[in-house]
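[1] have a look at this prediction, sequence included:
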Amino acid sequence: MTTLFSLDGRRAVVTGAASGIGAAIANLYAAAGARLLLADRDAARLALQADACRAAGATVEIVQADVGEEADANRIVDRCIEAFGGIDILVNNAGMLTQARCTDLTTAMWDDMMRVDLRSVFLCTRRALPSMIAQRWGRVINVASQLGIKGGAELCHYSAAKAGVIGFTKSLALEVAPDNVLVNAIAPGPIETPLVDGISAAWKQAKSAELPLRRFGLTNEVAPTALLLASDPGGNLFVGQTLGPNSGDVMP
C-alpha cells in the first residue's frame, strides 16, 4: 500500500516551507522519500525545518527567497534543477493573509497580496514547466483556499488572489496535461497555522461555529492531500482539480 504514495527519488520544491502547511508537506514528502528544495523568507525557521526533514532521511537544499520577486522565484527552481538534475514536483504554498474591509484596503495591501499569493504561483510554475515538459512528467500543486470559492468578509483581496490561483490551475492543467504534467489545487478551510494569527479572534470564533466539524483543521490533516496529488499512481488521474480539506466549509 505504501508504494501507491511513494515519492522515492522525486525532486520536489515546496515554497513557504518553514511553517504551517508548507512545513507539514515538507515533513510528509521527506518521509515518502522525496529529495527536497525548501524555500521561505524566514531563514532561521527554514534551517530548522530542513534539519527536521534531514532527520527523516531526506536530502534537502534550502533557498531563502521572496517568491513574489521574479529573480527569487527563478532562483528557487534553478537551485532544485542544479542540485538534483531536474524538478518533478512543485508545491506553490507560500502565502500571506491580512484582514480589512474593502473600503479600508490600501492599494499597497492589495498589490502585496496579489504579489505573494498569486504572482508567485505564476512565476515559480513558469520557471519549472520547461524541465517538467522536457521529461514528460511533472506535478504542480497550488495551495489556494476555500475562500477562493466562496469568498469571505473582510478578505476581498485574499479571496480574489486565491480565486486567481484556482483559475490559473484549471487553465494551465488544460495546457500541459498532454505533456504528462498534472496541475491541481488544494483549497483548505481554516487551518491552525501562523498565517491565521493576524485574523481577529471574533472572526475565528464565528468561523468555527459555521463549520460542520466545528473546528479548524490541522496542518497534518492537509499535507496528505499534497502527497496524493504528487504520487504515482495515486495522483495520476487528477487534472485541474481543486481538492478541499476544509472541515465541510465548501461542498462542491
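    Alright, I've got the coordinates. Numbers count the residues shown, from 1 in each chain.
[2] can you tell me the helix or strand for residue 37?
    strand 35-40 (DSSP states H and E).
[3] can you give the contact residues for that strand?
    Under the criterion CB atoms under 8 Å, 6 or more residues apart in numbering, residues 9-19, 22, 26, 29-30, 46, 49-50, 53, 58-65, 67, 76, 79-80, 83-84, 87, 94 lie in contact with strand 35-40. In this view, the C-beta of every residue, glycine as well, is placed from N, C-alpha and C.
[4] separate out the buried members of these.
    Burial by neighbour count, judged by 16 or more other CB atoms under 10 Å, picks out 10-19, 22, 26, 29-30, 46, 49-50, 53, 58-65, 67, 76, 79-80, 83-84, 87, 94 from the contacts of strand 35-40.
[5] out of these, list just those in strands.
    Counting by DSSP state E, the buried ones among the contacts of strand 35-40 place 11-15, 60-64 in strands.
[6] looking at those, spot the one nearest residue 121.
    Taking CB to CB as the measure, residue 15 is the one of those closest to residue 121, at 9.0 Å.
[7] quick check, the closest one in contact with residue 80.
    No. Using CB atoms under 8 Å, residue 15 makes no contact with residue 80, being 11.0 Å away.
[8] assign a three-state SS to the closest residue to residue 215 other than its chain neighbours, would you?
    Distances taken as CB to CB, 6 or more residues apart in numbering place residue 208 nearest to residue 215, at 6.0 Å, with adjacent residues excluded. Assigned with DSSP: H, G, I helix; E, B strand; the rest coil, residue 208 falls in the helix class.
[9] okay, residue 208 and residue 54: tell me how far apart.
    36 Å (CB to CB, to the nearest Å).
[10] got it, and residue 95?
    25 Å.
[11] where are the low-confidence patches of this structure?
    1-2, 198 (pLDDT under 70).
[12] redo that, cut-off 90
    1-4, 190, 192-208, 210, 215, 251-252 (pLDDT under 90).
[13] that older thread, can I assume the residue nearest to residue 215 is in contact with residue 216?
    Yes. Under the criterion of CB under 8 Å, residue 208 makes contact with residue 216 at 6.3 Å.
[14] hmm, back to that, tell me which of residue 95 and residue 54 has more neighbours.
    When residue 95 and residue 54 are compared for neighbours, residue 95 comes out ahead with 26 against 13, by other CB atoms under 10 Å.
[15] dump the ones in strands among the buried ones among the contacts of strand 35-40 into TSV; add distance to residue 135 as well.
    As requested, these are arranged in TSV below (distance: CB to CB, whole Å):
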residue	distance to residue 135
11	10
12	14
13	15
14	19
15	21
60	22
61	19
62	24
63	22
64	27
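[16] out of these, who's nearest residue 112?
    residue 15 (16.3 Å).
[17] excluding its backbone neighbours, what's nearest the closest one?
    Residue 15 sits nearest to residue 94 (CB to CB, 6+ apart), 3.9 Å away.
[18] same thing with residue 85?
    residue 11 (7.4 Å).
[19] pretty sure the one you found contacts residue 34?
    Yes. The pair residue 11 / residue 34 is scored as a contact, 7.3 Å apart, by CB under 8 Å.
[20] hey, what's in contact with both of these two?
    In contact with both residue 11 and residue 34: residue 89, using CB under 8 Å, 6+ apart.
[21] now residue 126: how far from residue 172?
    In this view, residue 126 and residue 172 are 10 Å apart by CB to CB.
[22] more crowded one of the two?
    The neighbour comparison of residue 126 against residue 172 (other CB under 10 Å) goes to residue 172, with 20 against 14.
[23] contacts only, for residue 99.
    154-155, 198-200, 203 are the contacts of residue 99 under CB under 8 Å, 6+ apart.
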